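Visitor: Dropping the sequence and predicted coords here.
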Amino acid sequence: MSENKVTTTLDVKGLNCPLPILKTKKAINEIKISENIKVIATDPGSVNDFQAWIESTGHELVESTEENGIFRYLIKKTK
């Protein structure tokens, strides 16, 4: 499997904290360890929220980008 292959894409555009994290937590529980989830958000606060969530859960933030107010996170489930 490719290191960055996306298993699931979660669109949380228009949602504010804590909904993007809560929906990501639910979605990541539905994929297997070592699979990736791509999250697409518009909440600028999601940058700090996802960094803190990644640190507390131990999952891996593979990639984080922002373009035109759209934030994309690629998260690898590690446990």
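Guide: Great, that's in hand.

Visitor: the helices in the protein, which residues?
Guide: Taking DSSP state H, the helices of the chain run over residues 19-28, 46-57.

Visitor: Tell me which of these is the most buried.
Guide: Burial of the helices of the chain is given as mean neighbour count (mean count of other CB atoms under 10 Å); helix 19-28 ranks first at a mean of 18. In this view, the C-beta of every residue, glycine as well, is placed from N, C-alpha and C.

Visitor: coming back round to it: generate JSON lines for the helices of the chain, with mean pLDDT and distance to residue 71 as supplementary columns.
Guide: Output for the helices of the chain, formatted as JSON lines (pLDDT from 0 to 100; distance: least, CB to CB, whole Å):
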{"stretch": "helix 19-28", "mean pLDDT": "97", "distance to residue 71": "9"}
{"stretch": "helix 46-57", "mean pLDDT": "96", "distance to residue 71": "5"}
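
Visitor: Include distance to residue 64 when you put those helices into a markdown table, please.
Guide: Shown next, in a markdown table, are the helices of the chain (distance: least, CB to CB, whole Å):
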| stretch | distance to residue 64 |
| --- | --- |
| helix 19-28 | 13 |
| helix 46-57 | 7 |
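
Visitor: I appreciate the help and will end here.
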